[in-house]
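Visitor: Task: produce atomic coordinates for the following.
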Amino acid sequence: MKDQPANYRNTLQINQPDLVMVAVMGQVAHPVATGNPYRIGHDGVPRVLPATGGIVLNQRVGDRCVGLMGDHIEPGAALHNNNREVIGARNGPNLALVTYACVGNIARVISGPCNGKRGLVTGKHGGVDHVLVDFPAAVLQRLQIGDRVQINSYGLGLQISNYPEINVTNCSPSLLQRWGIRENNRRLQVPVTHRIPAKIMGSGLGKNSVWRGDYDIQLFDPHVRARYHLETLRFGDFVAIYDGDTRFGPSYRQNRITIGIVVHGDSTVSGHGPGVTVLLTGPANRLQPMVHSRANLAALFDLRALPTARAYQPITANSNLNLTLNVEPARSQTKFSYLRY
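Guide: Numbers count the residues shown, from 1 in each chain. Coordinates of the predicted model:
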């Protein structure tokens, strides 16, 4: 972080000399629609909204990801490799793109009017299998659907040698070195903007790996949103998921912590919400999240001036989902109570 004390020194020992850098490529993906334009929200309301893919011109890393008139919005440019190979799966090139790319990798446009312009990998979105890249606003305005973008993938196999209990995924060495992680009493103090309980994590559960995509923070409960300040989430925020274990896919396990980055926006659909690409996971006695307002990718890499985090309501917050039910007690005088969280 920029405001580290003058005597701060990064003590992480990483195996960077052992890593292999491989160029991978994708095309700027066009949005894809289904036969029915409506998305049925968790509140039962059908909506027609922009969603995944394309070039998002007015939302970048650092901007809010809650309350937008969109569903799973991907800031910046979304990449997908549409090529086919004679060996392996038909979508093998795209699976390689999504696996190899790591947050913090350099991306370079190699076709079209923005040829030669550089951006930064900001995350991965599962399901649609996109890699997300941030470019300066002027580049986003000139970028074209179908332009090819090449990524110097670097990070697969990354390890923190003096903390073997901590698994590193989807993370470039440059991100790990810029993050401002401190060592204190055999624990790594990692800057984050939010602390989140694993019990509210949704879509993405059930996968056997976190190398290809993300899993979602559910924002449907207003009390939970307020308690954990989730209405202030931004694209690029680093967040800590308590009791989240993602060594072999997302799961709930006490005394484990997962730390990741917010990669896509909120959703109206049941079980979905802002997506988190996993970066670190380990035991709670080795990882110590430290709340810091500037723990955002935009600030770490000086991509832009970081907007101040402000609270926004999800677009489903004002729906008529919570109806008041007047139930008369039965003759047995049985009383019904509702759980409060």
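Visitor: What average pLDDT does stretch 44-54 get?
Guide: For stretch 44-54, mean pLDDT rounds to 96.
Visitor: all numbers from here: first residue = 263
Guide: I'll keep to 263 as the first residue from here, and by that count the last item is stretch 306-316.
Visitor: gap between the two ends of it?
Guide: 27 Å (CA to CA, to the nearest Å).
Visitor: and if you look at stretch 391-407?
Guide: 17 Å.
Visitor: do the same with stretch 387-394
Guide: 8 Å.
Visitor: Next, the buried residues of it.
Guide: Neighbour counts over stretch 387-394 (16 or more other CB atoms under 10 Å) mark 387-388, 390-394 as buried. Bear in mind the C-beta positions are built from the backbone N, C-alpha and C, glycine included.
Visitor: ditto for stretch 490-498
Guide: 490, 492-498.
Visitor: now do stretch 563-575
Guide: The neighbour-count check on stretch 563-575 (16+ other CB under 10 Å) flags 563, 565-566, 568, 571, 574 as buried.
Visitor: One more: stretch 423-437?
Guide: 425, 428-437.
Visitor: ranges for the strands of the stretch 463-603 of the chain?
Guide: Per DSSP state E, counting those that start in this stretch, the stretch 463-603 of the chain carries strands over the ranges 477-478, 500-507, 513-526, 537-545, 549-553.
Visitor: And for P551, nearest residue in space, chain neighbours not counted?
Guide: Closest residue in space to P551, ignoring its immediate chain neighbours: A502 at 3.5 Å, by CB to CB, 6 or more residues apart in numbering.
Visitor: Spit out the contact partners of the one you found.
Guide: 452, 454, 456-458, 519-521, 549, 551 (CB atoms under 8 Å, 6 or more residues apart in numbering).
Visitor: so which pair among these is furthest apart in space?
Guide: H456 and L549 (14.9 Å; CB to CB).
Visitor: Show me the helices in this protein, by range?
Guide: Secondary structure of the chain, counting by DSSP state H: helices at 354-362, 399-404, 435-440, 484-489, 559-562.
Visitor: For the shortest one, name the packing helices and strands.
Guide: Helices and strands in packing contact with helix 559-562 are listed as helix 435-440; criterion 3 or more CB pairs under 8 Å, 6 or more residues apart in numbering; DSSP states H and E.
Visitor: okay, and for the stretch 413-562 of the chain, where does confidence drop off?
Guide: Scanning the stretch 413-562 of the chain for pLDDT under 70 picks out no residues.
Visitor: quick one on the thing from earlier: what is the nearest of the buried residues of stretch 387-394 to E347?
Guide: Distance to E347, by CB to CB, is smallest for D391 among the buried residues of stretch 387-394, at 15.7 Å.
Visitor: mind checking pLDDT for the closest residue to that closest one other than its chain neighbours?
Guide: Take D391 and drop its neighbours on the chain: the residue closest to it by CB to CB, 6+ apart is V360, 5.0 Å away. Note on V360: pLDDT of 98.
Visitor: Let me see the contact set for V360.
Guide: By CB under 8 Å, 6+ apart, V360 lies in contact with 386, 391-393, 473-475.
Visitor: Among the residues you listed, which pair sits farthest apart?
Guide: Maximum distance among the contacts of V360 (CB to CB): 14.3 Å, for H392 and W473.
Visitor: thinking again about what came up before, closest to G374 out of the buried residues of stretch 387-394?
Guide: Within the buried residues of stretch 387-394, the smallest distance to G374 is 17.6 Å, found for V393 (CB to CB).
Visitor: can you tell me which residues contact the closest one?
Guide: 288, 340-342, 359-360, 363, 383, 385-387, 413.
Visitor: Which among the residues you listed count as buried?
Guide: 288, 340-342, 359-360, 363, 383, 385-387, 413.
Visitor: Let me know the closest of the residues you listed to R326.
Guide: Looking across those and measuring by CB to CB, the closest to R326 is G385, at 16.0 Å.
Visitor: What is the neighbour count of the nearest residue to the closest one once chain neighbours are set aside?
Guide: Closest residue to G385 apart from its sequence neighbours, by CB to CB, 6+ apart: V525 at 2.9 Å. V525 is surrounded by 30 other residues when neighbours are defined as other CB atoms under 10 Å.
Visitor: check contacts around V525.
Guide: 336, 384-387, 394, 476, 497, 537-539.
Visitor: any idea how far it is from L495?
Guide: Distance, V525 to L495, by CB to CB, to the nearest Å: 11 Å.
Visitor: same deal with I443?
Guide: Counting by CB to CB, the separation of I443 from L495 is 21 Å.
Visitor: For stretch 457-469, measure first residue to last.
Guide: Termini of stretch 457-469 sit 23 Å apart (CA to CA).
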